[in-house]
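>>> Provided below for reference: sequence and predicted model.
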Amino acid sequence: MAVSTIAVLGAGSWGTALASLLARGEAKVNLWGRRKDGLTRSGTSWRNERYLPGIDLPGDMSYSTDLSATLTDADWVLVVVPSHAFAETLRSMRNIGMPAGLAWASKGFEPGSGDFLHEVADRIFGTALPKAVVTGPSFAKEVALGMPSAVTVHSDNDAFANTVAKALHGPQFRAYTGNDIRGAELGGAMKNVLAVATGIADGMGLGLNARAGLITRGLNEMLRLNKPLGGRAETIIGLAGLGDLVLTCTGDLSRNRRLGLALGRGTPLAQAVAEIGQVVESVQTADEVMRLAERFDLDLPIASRVRAVLHGDTTPADGLRALLARDQKPEYGAELRF
């Protein structure tokens, strides 16, 4: 059987980890990044000391800052760049040529338009190109170390979903498939906003009860926004939603949780983001989530308070008081009765 060639675009922590995972399988992997020193040789291995320090990566994958060379002969492409760079990266690809298939592990919305990333991909490449989103509870460091993880691959094209999932699947990494791209993308984006809320609560020392309550009510907000968007509830209660939500809200490897922890302890936003040193998607994603909520006339109190805190319109303490002052109500409204 012929060996597949996969181009991975984005040499941050997640892009590097996924390239490493794919290279440990049967694929030939070409990783692209903007920095010449993004990956450096360490004996027979690669290292990404900026994002995955001290971790040896497979030496048989290639690394280049030349996008055209990286894309040459690729059977399909996996884009792993921050959401704000997603459209620019796809336009650069389109100027070089049309890939045979496009997958992405980026999470968030296009800044400004608020479009889902699959809508951006459709706009640039058209709807006929096979596309898929890779999402789920997976910290880059643990994947790079070969620790057990599970993700889900959603696509309107079952054959392409299976191609991507089979390339990722291995002894320590389970890759499932589905066909609800919109629901999967919403879960992957919105959990970052909710992780800030639980981080703030933990930073303020509010206890485990408060954390569990925020996670559960956050899941409720995710489900209520997902429904008018046309996503399926089972996607939100699966790996793309609940799985990623629990991981991001409880694991200190999460940049968004760490942002919340810092804010809850009184650190100013700009300082907290600078200390994290990587893109924190929740700052922009909170705006897009609330734009969607306003479009459908939905009350999302947790997401709303997070946005207010991130814009400096309220303090974490005042946001908490506003949540606790809300009237008593049924746990589930009529719109969520299955």
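Nice, I can see it.

>>> What are the boundaries of the strands in the stretch 151-300 of the chain?
In the stretch 151-300 of the chain, the segments counted as strands under DSSP state E, counting those that start in this stretch are 173-178.

>>> Name the residues that touch stretch 231-245?
For stretch 231-245, contacts defined as Cβ atoms under 8 Å, 6 or more residues apart in numbering pick out 135-137, 150-152, 154, 176, 178, 180, 182-184, 186-188, 191, 194-195, 215, 218-219, 222-223, 226-227, 338. Placement of C-beta: from N, CA and C, glycine included.

>>> Could you give the bridge partners of the residue lying closest to Leu129 once chain neighbours are set aside?
Excluding the flanking residues, the one nearest Leu129 by Cβ to Cβ, 6 or more residues apart in numbering is Leu102, at 5.9 Å. Leu102 has these beta-bridge partners by DSSP bridges: Val77, Lys131.

>>> Please tell me how far Leu102 sits from Asp318.
43 Å (Cβ to Cβ, to the nearest Å).

>>> Looking at the two, which is more packed in?
Leu102 (23 against 13; other Cβ atoms under 10 Å).

>>> need the contact list for the more buried one.
Trp76, Val77, Val79, Leu90, Ala121, Phe125, Leu129, Pro130, Lys131, Ala132.

>>> thought the second one was touching Gly97?
Meaning Val77. No - checked against Cβ atoms under 8 Å, the pair Val77 and Gly97 is beyond contact range at 10.5 Å.

>>> which residues sit against stretch 291-305?
114, 190, 193-194, 197, 214, 217-218, 221, 224-225, 228-229, 286, 289-290, 314, 319-320, 322-323, 326.

>>> Let me know the pLDDT of Ala19.
For Ala19, the pLDDT comes out at 97.

>>> helices or strands next to whichever strand or helix holds it in the packing?
Under the criterion of DSSP states H and E, Ala19 resides in helix 13-23. Applying 3 or more Cβ pairs under 8 Å, 6 or more residues apart in numbering; DSSP states H and E, we find helix 13-23 packed against strand 5-9, strand 28-32, strand 45-48, strand 52-57, helix 140-144, helix 158-168.

>>> Now do the shared contacts for Val77 and Gly97.
Leu71.

>>> Distance check, Ser92 against Leu9.
9 Å.

>>> Spell out which residues are contacts of both of those two.
Leu67.

>>> Assign a three-state SS to Asp60, would you?
With DSSP: H, G, I helix; E, B strand; the rest coil as the basis, Asp60 sits in coil.

>>> thinking it is in contact with Ala23, fair?
Yes - Asp60 is within contact range of Ala23, at 6.2 Å (criterion: Cβ under 8 Å).

>>> more neighbours, these two?
Under the criterion of other Cβ under 10 Å, the comparison of Asp60 against Ala23 puts Ala23 first, with 22 against 11.

>>> List the contacts of that one.
So Ala23 contacts Val29, Leu57, Pro58, Asp60, Met61 (Cβ under 8 Å, 6+ apart).

>>> Could I get the contacting residues of the nearest residue in space to Leu145 that is not next to it in sequence?
Of all residues not flanking Leu145 in the chain, Ile55 sits nearest, at 6.3 Å (Cβ to Cβ, 6+ apart). Ile55 sits next to Arg47, Asn48, Lys141, Ala144, Leu145 when contact means Cβ under 8 Å, 6+ apart.

>>> the more surrounded of Ser92 and Leu9?
Leu9 (28 against 14).

>>> That one is in contact with Trp76, isn't it?
No - counting by Cβ under 8 Å, Trp76 is not a contact partner of Leu9; they are 11.5 Å apart.

>>> remind me which residues of the stretch 201-338 of the chain are low pLDDT?
335, 337-338 (pLDDT under 70).
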